[in-house]
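Novice: model this:
(chains A and B)
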Amino acid sequence: MARDSLADIDVAGIVNGMDHRRLGIYIVVTLFIAFFLAPLEAGILTAIKTDASIAQTVPFLPPGTDGATAENIGTAYGQLQSSIINSLVMAIPATLITIVLASMAAFGLTMVDWRGQVGILVLFLIGVFVPYQAVIIPVDKFWYQVFPLAQMLEPVARLKLVEPEHMLLVPLTITHIAYGIPIVTILFRGYYQSMPQSFVEAAKIDGKSLTSIYTDIVLPLSKPMFGVVFIYQFTQIYNEFLFSLTIIKYADSTAATMTLVLSGIGASISGIDYGLRMAAAFLAALPTLLLYIAFSEQFAKGLQTGGA
Amino acid sequence: MANITIETLTKRFDDVVAVDDVNVDIEDGEFLVLVGPSGCGKTTTLRMIAGLETPSDGEIRFGEQLMNYRTPQNRDVAMVFQDYALYPHMTVRGNMKFGLEEEPGFTDEEREQRVEEVAELLDISELLDRRPEELSGGQQQRVALGRAIVRDPEVFLMDEPLSNLDAKLRAQMRTELQQLQEQLGVTTVYVTHDQTEAMTMSDRMVVMNDGILQQVGEPLELYHEPNNVFVAEFIGEPSMNFLDGTYEDDGFVSEQLTYPFDARITEALDGVSPGSELRLGIRPEDVDLLESDAGSEDAVREDHTIEMNVTVVEPMGNENVVHLKFPDSSSTTEDLMAIVDGMRQIDAGTSVTVHIPPEAVHVFESASGDALHNRQLEYEGQAVRI
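Specialist: The predicted structure is shown next:
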């Protein structure tokens, strides 16, 4: 029976339908997928292995029945929990505020005519190219000496809701907003340039104010772009390390963000706990992964229409 | 309601002069069409009237009021855009109401009611709760029109509103738009590159080329009495035939043709010195094709006939467009086009006697393109068609 059904498959037909070029493409694609996914797979497998199993098995092979454990994930969760919350508390408002401000700026730079706008646009463009490393010392000086905002806000912490150190998240959020606005503005600008100018002109002739044109027309039509930029900017801020290090400074601070804590997990004088590190890395990546899955449709749509 | 005065209107974009010294008076309630090839400055002119562009020079007045520096919202104009500019995230009702929201003196209910009235007028009541993307091109066009009408403005401005419709729908909307404008009596400035639209819809039309106003007038005036070669060629489909030659012995002489002028034409060419270059213009429908044996009926007609070869015949049903060439012509395209009755049998490759009636001839100066003489509007020979 099995022999018969196998014989029914027209192998020659399948092979004929595939020319060499197509076959070549499939092979290359498969190799690339394997190349990119192998480390991920090895990471996930390592996260669920016991120490002994890690030492005994090849990284990308599954552990034996006695070598599997959920302990690493539990430990990592315990150590990362509060820092992930800190990161979300900082990254979500930072992303939202960046997007709103940047879309307003892009609206002003593309759909409204005024003198000197090219100069301002150039400033935004320059902002995109300022490297993180170049600003960490000024950022440190600014938030600790020139304008110690976190210190000023400490009385708020006396309301007993949060620790005084948590106030450091405020300057960190503001720094991320300032740093994110230029690139997000440029992304929105590209999107608004592709929007028909007649939308704005028609509204102008109908007597609409600029505010109304923005809130009633441009903003609702920017929805797909908001999806794209939210994912992009959130990932950037959530995964960012250098500003967190500059402003919060210590991994054992109660305000420490995920990236600060993650760098120390599973590393000690006695050696590196690979299982724990891998488990922590996956837990840390989970919010961004979920975000991509949740917004994937909008992301694709935004990329199509925005050309970003 | 308003009449619009445009004086020495000029628009420069850096080095490019888009509109050059245009003067037009538009009467209250008039349907004026700005027509010309693309890039002629007609849309720029419209946008200056709308307030979307600032004139470099000159004045735009509505009634007595100078408009140059007024923002669009303070001009009380409504505009229909070529791409309709319907907001995709709003329903038809939302789109039509959106413009009305800034009009003072309306309660929300009155606005709603006004939208319903206009929708009724345009026969789009059942579309009110749909979104633009669900509508056909023609329906979107109506909604765009409705959005303008709802505001009851002093002036309608329309920028090629029918150019995205298919031919049949365009013809239908042409009539409808014209009726609507008549009914509402609102001064309308309409931009198009389509001379048929301009001819059929306008009270008066303005022909522009390279930013310069060529001629203003009623459609038939421009058709029969063009100011220059450009207007003569642009208006009419198929366009006017032109023959190049010189003025000699009180007639027109070219390589293939010697064409004596009658007294009326020579009078008009009084100041023209013999030997100067001329362009002879004749509309295809005025070119007669005689049966070969009927060629020598009388002497005058003899003077104005010539043997030509038929190269192509395009049957349109009601008429045939006949492409003609001089027997010794070197040109690759036709020398002359003629329109004859659709029932008449003419074959490509045959030779015909072509009669160019002097009453219907236009004479232009070659260098400047200015008209020296235009056709007579009434003459007896018109009816002579075989």
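Novice: up against chain B, what does the stretch 201-308 of chain A have?
Specialist: For the stretch 201-308 of chain A, the contact set with chain B under Cβ under 8 Å from any Cβ of the partner chain comprises A:Glu201, A:Ala202, A:Ala203, A:Lys204, A:Ile205, A:Asp206, A:Gly207, A:Lys208, A:Asp216, A:Ile217, A:Pro220, A:Leu221. Bear in mind the C-beta positions are built from the backbone N, C-alpha and C, glycine included.
Novice: okay, now the unreliable bits of chain B?
Specialist: Per-residue confidence for chain B (pLDDT under 70) gives these ranges: B:1, B:291-302, B:378-386.
Novice: centroid residue for it?
Specialist: Centroid-nearest residue in chain B, with Cα atoms, centre = their mean: B:Gln195, separated by 3.1 Å.
Novice: give me the number of residues near the residue lying closest to that residue once chain neighbours are set aside?
Specialist: Nearest residue to B:Gln195 in three dimensions, chain neighbours excluded: B:Ile235, at 5.4 Å (Cβ to Cβ, 6 or more residues apart in numbering or on different chains). Per other Cβ atoms under 10 Å in any protein chain shown, the neighbour tally for B:Ile235 reads 24.
Novice: try the one 4 residues further on
Specialist: For B:Ser239, the neighbour count with other Cβ under 10 Å is 15.
Novice: contacts for stretch B:4-23 next, please.
Specialist: B:24-26, B:41, B:44-45, B:48-49, B:53, B:55-62, B:155, B:187, B:189, B:208, B:210-213 (Cβ atoms under 8 Å, 6 or more residues apart in numbering or on different chains).
Novice: secondary structure element for the residue nearest the centre of chain A?
Specialist: Residue closest to the average C-alpha location in chain A (Cα atoms, centre = their mean): A:Thr235, at 0.6 Å. Here A:Thr235 sits within helix A:223-238, counting by DSSP states H and E.
Novice: which helices and strands does that helix pack with?
Specialist: Here helix A:223-238 touches helix A:71-110, helix A:169-193, helix A:274-306, going by 3 or more Cβ pairs under 8 Å, 6 or more residues apart in numbering or on different chains; DSSP states H and E.
Novice: between those, which has the poorest average model confidence?
Specialist: When mean pLDDT is averaged over each of the helices and strands packed on helix A:223-238, helix A:274-306 scores lowest at a mean of 83.
Novice: okay, buried residues for it please.
Specialist: A:274-285, A:287-288, A:291, A:295, A:298-299, A:301-302, A:305-306 (16 or more other Cβ atoms under 10 Å in any protein chain shown).
Novice: that one packs against which elements?
Specialist: The contact analysis (3+ Cβ pairs under 8 Å, 6+ apart) places helix A:274-306 against helix A:20-47, helix A:51-56, helix A:71-110, helix A:169-193, helix A:223-238, helix A:258-262.
Novice: Serialize those to CSV and add fields for distance to A:Pro63.
Specialist: What follows is the helices and strands packed on helix A:274-306, written out as CSV (distance: least, Cβ to Cβ, whole Å):
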stretch, distance to A:Pro63
helix A:20-47, 7
helix A:51-56, 4
helix A:71-110, 11
helix A:169-193, 39
helix A:223-238, 30
helix A:258-262, 23
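Novice: hang on, the earlier thing: between the residues of the stretch 201-308 of chain A next to chain B, which has the most around it?
Specialist: That'd be A:Ala202 among these, by other Cβ under 10 Å, with 29 neighbours.
Novice: who touches whichever residue of the stretch 101-250 of chain B sits closest to chain A in this structure?
Specialist: The minimum distance from the stretch 101-250 of chain B to chain A, using Cβ to the nearest Cβ, falls at B:Glu102 (3.6 Å). Neighbouring residues of B:Glu102 by Cβ under 8 Å, 6+ apart: A:Asp206, A:Gly207, A:Lys208, B:Gln73.
Novice: run through the residues that contact the first one.
Specialist: When contacts are counted by Cβ under 8 Å, 6+ apart, A:Asp206 touches B:Gln73, B:Ala78, B:Phe98, B:Gly99, B:Glu102, B:Arg151.
Novice: just the ones of these in helices?
Specialist: Cross-referencing the contacts of A:Asp206 against helices under DSSP state H gives B:Phe98, B:Gly99.
Novice: of the contacts of A:Asp206, buried ones?
Specialist: For the contacts of A:Asp206, a burial check counting by 16+ other Cβ under 10 Å picks out B:Gln73, B:Ala78, B:Phe98, B:Gly99, B:Arg151.
Novice: OK, contacts around A:Ser53?
Specialist: A:Pro63, A:Gly64, A:Asp66, A:Gly67, A:Ala68.
Novice: now render these as a markdown table, adding distance to chain B.
Specialist: Converted to a markdown table, those look like this (distance: Cβ to the nearest Cβ, whole Å):
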| residue | distance to chain B |
| --- | --- |
| A:Pro63 | 52 |
| A:Gly64 | 57 |
| A:Asp66 | 59 |
| A:Gly67 | 55 |
| A:Ala68 | 51 |
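Novice: please name the nearest non-neighbouring residue to B:Leu372.
Specialist: Excluding the flanking residues, the one nearest B:Leu372 by Cβ to Cβ, 6+ apart is B:Val363, at 4.7 Å.
Novice: so the one you found sits against B:Leu280, correct?
Specialist: Yes: assessed by Cβ atoms under 8 Å, B:Val363 is found in contact with B:Leu280 at 6.2 Å.
Novice: who touches both of these two?
Specialist: By Cβ under 8 Å, 6+ apart, the residues touching both B:Val363 and B:Leu280 are B:Phe252.
Novice: for B:His312, which non-adjacent residue is closest in space?
Specialist: One thing to correct before we go on: residue B:312 is Val, not His. B:His323 (4.1 Å).
Novice: the one you found should be in a helix, yeah?
Specialist: No: under DSSP: H, G, I helix; E, B strand; the rest coil, B:His323 falls outside any helix and is assigned strand.
Novice: how about the contacts made by it?
Specialist: B:Val310, B:Thr311, B:Val312, B:Val313, B:Glu314, B:Glu334, B:Leu336, B:Met337.
Novice: relative to B:Leu128, which of those is nearest.
Specialist: Of all the contacts of B:His323, B:Glu314 has the smallest distance to B:Leu128: 45.3 Å, by Cβ to Cβ.
Novice: find the nearest non-adjacent residue to the closest one, please.
Specialist: B:Val321 (4.2 Å).
Novice: what's the neighbour count on B:Thr100?
Specialist: Just to correct that, residue B:100 is Leu rather than Thr. B:Leu100 - counted by other Cβ under 10 Å - has 21 other residues nearby.
Novice: kindly report the residues of the stretch 101-250 of chain B close to chain A.
Specialist: B:Glu102, B:Glu103, B:Arg147, B:Arg151.
Novice: do I have it right that the last one meets B:Glu103?
Specialist: Yes: applying Cβ under 8 Å, one finds B:Arg151 in contact with B:Glu103, separated by 6.1 Å.
Novice: thanks again, I'm all set now.
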